[in-house]
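**Q** generate a structure from the sequence data that follows.
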Amino acid sequence: MHSEKELNGHKVCEALSLPSRMRILQELIKVYPNRLTISKLQQITSEPRMTVWFHMNKLREANLVELNGSRRGFRAATRGLTIRFNGNGIQLEAEKE
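**A** Numbers count the residues shown, from 1 in each chain. The predicted structure is shown next:
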C-alpha cells in the first residue's frame with residue numbers, strides 16, 4: 001500500500017466527490033484483492049465506458065486504485081481508508097494489509 005505521504009487529501013476528496021466514484025471504489029473494496037475490469041465496472045454503474053475510464057483515472061490519481069493491464073482490471077489499493085478531519089486539516093490512514 002502507499003504510505004500516508006503518497007495520499008494527497010485534496011486528490012482523495014476530489015476523487016470521492018461523486019457518488020459514481022464512491023460506488024466504484026466500494027465495489028473494488030468488496031472484491032479485494034481481486035480485480036474488476038472496465039466492462040464489469042460499466043455494468044455495475046450503467047455508465048458509458050469512457051465515463052468509467054474518467055472516474056478510474058481520478059481514483060488512480062488519488063492512489064486509491066491500481067491498474068494491472070486493462071484486460072486484467074483494477075483493484076483497490078487497500079482494503080480501506082480512514083479519513084480524519086482535525087484542526088490541522090485532513091489526516092489519511094490506510095489500513096494495513
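**Q** all strands for this structure, in order.
**A** For the chain, strands defined by DSSP state E occupy the ranges 65-67, 74-76, 81-86, 89-94.
**Q** residues contacting the residue lying closest to Ile38 once chain neighbours are set aside?
**A** With Cβ to Cβ, 6 or more residues apart in numbering as the criterion, Ile38 has its nearest non-adjacent residue at 5.5 Å, and that residue is Val52. Quick note: C-beta positions are derived from backbone N, CA and C, even for glycine. Contact analysis of Val52 by Cβ atoms under 8 Å, 6 or more residues apart in numbering lists 24, 38, 41-42, 45.
**Q** spatially speaking, which residue is in the middle of this protein?
**A** Leu64 (3.6 Å; Cα atoms, centre = their mean).
**Q** where does this structure dip in pLDDT?
**A** 1-6, 69-71, 80-81, 83-97 (pLDDT under 70).
**Q** what segments of it are helices?
**A** Secondary structure of the chain, counting by DSSP state H: helices at 9-15, 19-31, 38-45, 49-61.
**Q** make JSON lines from these and add distance to Thr78 to it.
**A** Supplementary listing: those in JSON lines, determined by distance: least, Cβ to Cβ, whole Å:
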{"stretch": "helix 9-15", "distance to Thr78": "12"}
{"stretch": "helix 19-31", "distance to Thr78": "8"}
{"stretch": "helix 38-45", "distance to Thr78": "18"}
{"stretch": "helix 49-61", "distance to Thr78": "12"}
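**Q** so for Thr82, which of those sits nearest?
**A** Among those, the nearest to Thr82 by Cβ to Cβ is helix 9-15 (11.2 Å).
**Q** that closest one - contacts with which helices or strands?
**A** Helices and strands touching helix 9-15, as assessed by 3 or more Cβ pairs under 8 Å, 6 or more residues apart in numbering; DSSP states H and E, comprise helix 49-61, strand 81-86, strand 89-94.
**Q** how far does stretch 41-60 sit from the chain's center?
**A** Its chain's C-alpha centre and that of stretch 41-60 lie 11 Å apart, by Cα atoms, centre = their mean, to the nearest Å.
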